[in-house]
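Visitor: Structure of the sequence below:
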Amino acid sequence: MKRFARKYVEFLRQPDVLPLLAVALFARMPIGMMGFAMLMYLREALGDFARAGTAVGINFVVMALAAPIQGRLIDRHGPRKLLYLTGIVQPLALVGVLASPKLGWPFAALATFAALAGAFASPITTLTRTMWRNMFEREEDRRTAFALDAVMIEVNFVLGPAIMAAILAWVGTTPAFALAILAVGAAVLVFVGSRAPGQFRRIRDAERHFLGPLTEPRLLLVFASTFGEAMAIGMLEVGYPAYGVALAAPAIGGLLLSINSFGSAIGGAMYGGLHFHARIERQFAATLGLMSVPLVLHAIAPTTALFACAAFFAGALIAPSIAAQSVLVSRMAPAHYATEAFTWSSSCIVAGIGIGEAVGGVLVETTGLRSAFAVAGAIAACMALLALTIPGPRRAARATAAD
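Guide: Modelled structure (predicted):
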């Protein structure tokens, strides 16, 4: 434990690390607030979950599609202009989402504003990952940074909805959504005013390909594995609420999601503080393989207590796998594609979770609750096997030399 604590103390003492961690935590708080606040506001304003969920879904799908375009622009022109642009357009588009039901505008107008907000979503999360890549040259430092980064995202997803739920219960959905919009604007101001944008390195004269980082075969394997893992996680997002409904206690679904997120935060902290001799490709494959075990255990857990234990241990491997994946992206992506590579990673996660939720919902309704968890475990196991095919640096160098 002393070695564990010493590693974190030494890491946090490095120049700018602690202030930038604080900036990253605050600036990304809206990611845990916006989806929930928008959904609950539109559910009340429109009168049903179907249209509310459609609008939120449009926002996230467009966000996933636009992210690589934003990443390419940042790699070529730097982050500041895009931060200013998104910091203005996204809040205004969200105000359009807020105003549309109140002004009686058609759903098409609301959907257009939701899409616009997604297209101009602030790239702070991606820029934060690029920042850690640029700050540290040693892979061990990057692993610790990305592990802490994954932990902080879990904190965002725990605190953000909790804050919104408290405000919703206190003053209602409209003020909650309005506060989330203000948080989006404030996050950009905090990030731009910090030293974070200064960590970005623009490479002006590099030769670029239309496909960008997608020309790197190893990255394609990483992205494919990430997409599959995200599908499995998406099935949990549906499976836990369905489990609560099956017990006639819907609140249990929210509790299980919290347990899963808490496990992820603990697992990420442990992963960042320990030292592993295996190369990072093997660490990524190992986290996916180990994750498949508690996922499958959900399908056979005989009691709620054991089901909750499986939720904790499944979560405990999510943050470590995301951290290992981020290290791989940071190493494999050429410097002039660094930001775009992380946006592709984010798009794979967002799309994978969305498809996983859709598939999980179909499985729950057609073949039963337990089957969704069994399929999630099988997908994670397959992704572990796929990750095992990712070549290490030496093998990749030999292949490049042979070509």
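Visitor: could you pull out the strands for the stretch 301-403 of the chain?
Guide: Assigned strands in the stretch 301-403 of the chain: none (criterion: DSSP state E, counting those that start in this stretch).
Visitor: just checking, N156 touches M34?
Guide: No. Between N156 and M34 there is no contact under Cβ atoms under 8 Å: 10.8 Å. Every residue, glycine included, has its C-beta placed from N, CA and C.
Visitor: What separation is there between F26 and F262?
Guide: Distance of F26 to F262, computed by Cβ to Cβ, to the nearest Å: 21 Å.
Visitor: ditto for G239
Guide: For G239 relative to F262 (Cβ to Cβ), the value is 17 Å.
Visitor: between the two, which one's more packed in?
Guide: Set G239 next to F262 and count neighbours by other Cβ atoms under 10 Å: G239 wins out with 30 against 16.
Visitor: tell me which strands and helices whichever strand or helix holds the more buried one is in contact with?
Guide: In the assignment (DSSP states H and E), G239 maps to helix 217-246. The helices and strands touching helix 217-246, judged by 3 or more Cβ pairs under 8 Å, 6 or more residues apart in numbering; DSSP states H and E, are helix 251-273, helix 280-300, helix 304-315, helix 318-332, helix 338-366, helix 369-387.
Visitor: Pull out the buried positions in it.
Guide: 218-219, 221-244 (16 or more other Cβ atoms under 10 Å).
Visitor: tell me the angle of that helix relative to helix 251-273?
Guide: 150 degrees (axes from the mean of the first three to the mean of the last three Cα atoms, to 10 degrees).
Visitor: Looking at helix 217-246 now, give me its mean pLDDT.
Guide: The average pLDDT for helix 217-246 rounds to 90.
Visitor: Flag the shaky bits of the chain, pLDDT-wise.
Guide: Counting by pLDDT under 70, the chain shows low-confidence ranges at 1, 49, 203-206, 393-403.
Visitor: Longest helix in it, by number of residues?
Guide: Taking DSSP state H as the criterion, the chain has its longest helix at helix 139-171.
Visitor: And the contacts of the following helix or strand past it?
Guide: Downstream of helix 139-171, the next assigned helix or strand under DSSP H and E is helix 173-193. The contact list for helix 173-193, computed with Cβ atoms under 8 Å, 6 or more residues apart in numbering, reads 23, 26-30, 33-34, 37-38, 40-41, 43-45, 80, 83-84, 86-87, 90-91, 94-95, 98, 122, 124, 127, 164, 167-168, 197.
Visitor: same thing but at 6 Å, please
Guide: 26-27, 30, 33-34, 37, 40-41, 44, 83, 87, 90-91, 94, 98, 122, 124, 164, 167-168 (Cβ atoms under 6 Å, 6 or more residues apart in numbering).
Visitor: Please state the offset of that helix from the chain centre?
Guide: Relative to its chain's centre, helix 173-193 lies at 19 Å (Cα atoms, centre = their mean, to the nearest Å).
Visitor: go on, stretch 27-42?
Guide: Distance, centroid of stretch 27-42 to centroid of chain: 14 Å (Cα atoms, centre = their mean).
Visitor: what's the answer for stretch 341-353, then?
Guide: 8 Å.
Visitor: hey, C-alpha coordinates of that stretch in CSV?
Guide: C-alpha atoms of stretch 341-353 as CSV (Å, rounded to 0.1, in the frame of the first residue of the first chain):
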residue,chain,number,x,y,z
ALA,A,341,-7.9,9.2,-32.9
PHE,A,342,-9.4,9.9,-29.5
THR,A,343,-12.6,11.2,-31.1
TRP,A,344,-13.0,7.9,-33.0
SER,A,345,-12.5,6.1,-29.7
SER,A,346,-15.3,8.2,-28.2
SER,A,347,-17.5,7.6,-31.1
CYS,A,348,-17.1,3.9,-30.8
ILE,A,349,-18.0,4.1,-27.2
VAL,A,350,-21.1,6.2,-27.7
ALA,A,351,-22.3,4.1,-30.7
GLY,A,352,-21.5,0.8,-28.9
ILE,A,353,-23.5,1.8,-25.8
